[in-house]
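Undergrad: this one's sequence-less:
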């Protein structure tokens, strides 16, 4: 009887030892993966800096030279016409132009890069990609490498050749604080008050968007009626459809926001997963200034 008890205890000890070993290995793998993903996300965010941009070698120098050339061309044309040009606000204009030129430089690395998204004083500071579908950049980074972080990406159905109303941009909600994880901080009104502006830069313009709504949602079943499927709104076919989207977004907002949008205003919607319900979503909508 005593031998059976000892054998039983030994068996239990072996099982406990094996479980602890598995837990230790899994913990080590998790830590390695966590820091690997975080480092990859940081590499993306380092691609562009709002005030002192450095991209792929001599990009900043190229941008500055391009700016100088453009300025000289304008001055030359003005001299020919006998006009006097103003140099006021030159610094502010150069900042805007520099950012757009940096996006052009990035596009030489990957033509799928359509812009740069930034919310000041947050980790949201990334290139925005647009693929031929909405799945590729969920699992690939801006270098087209496989990545669990994925990328921040614009809805594949957004058509740049027509007067679109809503830049619908997606990103993962990751536990490492990268990509769109910080978007969920907008659940607190105080965070919105400190971060009311979304900045989106393309090769053509450097624009700011004032936030008009912050809301929770989910992916609805086809059978559900009279629900706000914000993720279907890209290009409004009518003023009525546009106004209905804005109305629904304002009504769904977690807290009241004074700013709103009128038909014709360009919108931007940032969307990520939220686990408060099954297939939950969290969205922030902004209006171009």
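TA: Looks like it came in fine. Please read these numbers as outputs of a predicted model, since none were measured by experiment.

Undergrad: show me the contacts for residue 181.
TA: Residues near residue 181 by Cβ atoms under 8 Å, 6 or more residues apart in numbering: 123, 172-175, 272. For glycine as for every other residue, the C-beta is placed from the backbone atoms N, C-alpha and C.

Undergrad: which one of those sits closest to residue 99?
TA: residue 123 (18.9 Å; Cβ to Cβ).

Undergrad: for residue 204, which residues are in contact?
TA: residue 100 are the contacts of residue 204 under Cβ under 8 Å, 6+ apart.

Undergrad: helix or strand for it, which one?
TA: Residue 204 belongs to no helix or strand when assigned by DSSP states H and E.

Undergrad: tell me the phi and psi of it?
TA: Main-chain dihedrals, residue 204, degrees, to the nearest 10: phi -100, psi -30.

Undergrad: re the thing from before, in strands only, show me the contacts of residue 181.
TA: Counting by DSSP state E, the part of the contacts of residue 181 found in strands is residue 272.

Undergrad: now, which of the contacts of residue 181 sits nearest residue 140?
TA: For the contacts of residue 181, the residue nearest residue 140 by Cβ to Cβ is residue 172; the value is 12.0 Å.

Undergrad: count of neighbours near the residue nearest to the closest one when sequence neighbours are not counted?
TA: Nearest non-adjacent residue to residue 172, counting by Cβ to Cβ, 6 or more residues apart in numbering: residue 179, 4.6 Å away. Close neighbours of residue 179, defined as other Cβ atoms under 10 Å, add up to 24.

Undergrad: likewise residue 175?
TA: Neighbour tally, residue 175, other Cβ under 10 Å: 9.

Undergrad: can you tell me the closest non-neighbouring residue to it?
TA: Nearest residue to residue 175 in three dimensions, chain neighbours excluded: residue 181, at 7.1 Å (Cβ to Cβ, 6+ apart).

Undergrad: how near is the one you found to residue 264?
TA: Residue 181 is 33 Å from residue 264, where distance means Cβ to Cβ, to the nearest Å.

Undergrad: which of the contacts of residue 181 are buried? Put it as a PyMOL command.
TA: In PyMOL, a selection of the buried entries from those looks like this (16 or more other Cβ atoms under 10 Å):
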select buried, resi 123+172+173+174+272
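
Undergrad: may I have the phi/psi pair for residue 283?
TA: Dihedral angles of residue 283 (phi, psi; degrees, to the nearest 10) stand at phi -130, psi 150.

Undergrad: can you pull the contacts of it?
TA: Going by Cβ under 8 Å, 6+ apart, the list of residues near residue 283 reads 213-217, 230, 269-272.
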